[in-house]
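*Asks:* just coords:
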């Protein structure tokens, strides 16, 4: 069984010392631009005003655009250095954990969980995080919960190593367990159907599961962030197949949109 405490420690090290999440979504590759653009687009379809909680919001890369369009945003994040960067950008932010939110019931109009689910290995922890987000969001408000696609994780693994079906690869394919030894502190990889099931199990009303970047996401990781023509084409493709069963699992990220009953 995966030790969540080990993953939590690795999360703090990874995002503090090894990886720039803000750059990933803005300047590193075309993939980040597509992911950020499409995520913001989906949020805007449902949230036009009010107070938003960004759970696991990193440096505020998603919170800042929401704030600029007039929403009141509160950010909570387990990595202190990222909290400081969010505060420096003008976002109200504090250190905290998705499984134990320090907010009152019904305090927000919407909540974002664009990272916590795929860093939590145990289904009970994911349920706790979802229910915490639901608790602090008012009835009728929306939750946006991201997951990493199991299909893409398996594809990436088998393209870069011996493709014999080892026990580790079987566990990834069948159970969503990350391969051992990876630098990224993943906890779980979802299918769209599994993500939908976890959303409804938590008591939320599922609106839909979207594939965020579309099937060109892996390719776009190798393309320049300044390639506007490619970004626009991939974005159009992502929108076209956004909720299509099967095709949406070819996106690196899945996004559940749910309503608080």
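*Replies:* Ah, there it is. In this text the structure is predicted, and so the values were computed from the model without any measurement.
*Asks:* going on from the lengthiest helix in the chain, what's the next piece of helix or strand?
*Replies:* Longest helix in the chain by number of residues (criterion: DSSP state H): helix 30-46. Next helix or strand after helix 30-46 toward the C-terminus (DSSP states H and E): strand 51-55.
*Asks:* neighbours around the closest residue to residue 127 other than its chain neighbours, how many?
*Replies:* Among residues not flanking residue 127 along the chain, residue 202 sits closest, at 5.7 Å (Cβ to Cβ, 6 or more residues apart in numbering). For glycine as for every other residue, the C-beta is placed from the backbone atoms N, C-alpha and C. Neighbour count for residue 202, taken as other Cβ atoms under 10 Å: 20.
*Asks:* if we can go back for a sec, what angle do the longest helix of the chain and strand 51-55 make?
*Replies:* 150 degrees (axes from the mean of the first three to the mean of the last three Cα atoms, to 10 degrees).
*Asks:* okay, buried residues for helix 30-46 please.
*Replies:* By neighbour count with 16 or more other Cβ atoms under 10 Å, helix 30-46 contains the buried residues 30, 31, 32, 33, 34, 35, 36, 37, 38, 39, 42, 43.
*Asks:* same question, stretch 227-239
*Replies:* Neighbour-count burial for stretch 227-239, counted by 16+ other Cβ under 10 Å, picks out 230, 231, 233, 234, 235, 237, 238.
*Asks:* surely the fourth one and residue 212 touch.
*Replies:* No. Because the distance of 11.0 Å does not satisfy Cβ atoms under 8 Å, residue 234 is recorded as not touching residue 212.
*Asks:* kindly point out which residues are neighbours of both of those two.
*Replies:* By the contact definition Cβ atoms under 8 Å, 6 or more residues apart in numbering, residue 234 and residue 212 are jointly contacted by residue 34.
*Asks:* for residue 226, which residues are in contact?
*Replies:* Counting by Cβ under 8 Å, 6+ apart, residue 226 makes contact with nothing.
*Asks:* so how far is residue 30 from it?
*Replies:* When distance is defined by Cβ to Cβ, to the nearest Å, residue 226 is 8 Å away from residue 30.
*Asks:* ok, residue 261 next?
*Replies:* Separation of residue 261 from residue 30 (Cβ to Cβ): 38 Å.
*Asks:* wasn't residue 203 part of a helix?
*Replies:* No. Residue 203 is assigned coil when assessed by DSSP: H, G, I helix; E, B strand; the rest coil, not a helix.
*Asks:* not counting sequence-adjacent ones, nearest residue to it?
*Replies:* residue 134 (6.3 Å).
*Asks:* isn't the one you found up against residue 143?
*Replies:* Yes. Using Cβ under 8 Å, residue 134 is in contact with residue 143, at 6.5 Å.
*Asks:* between the two, which contacts overlap?
*Replies:* Taking Cβ under 8 Å, 6+ apart as the criterion, residue 134 and residue 143 both touch 111, 204, 260.
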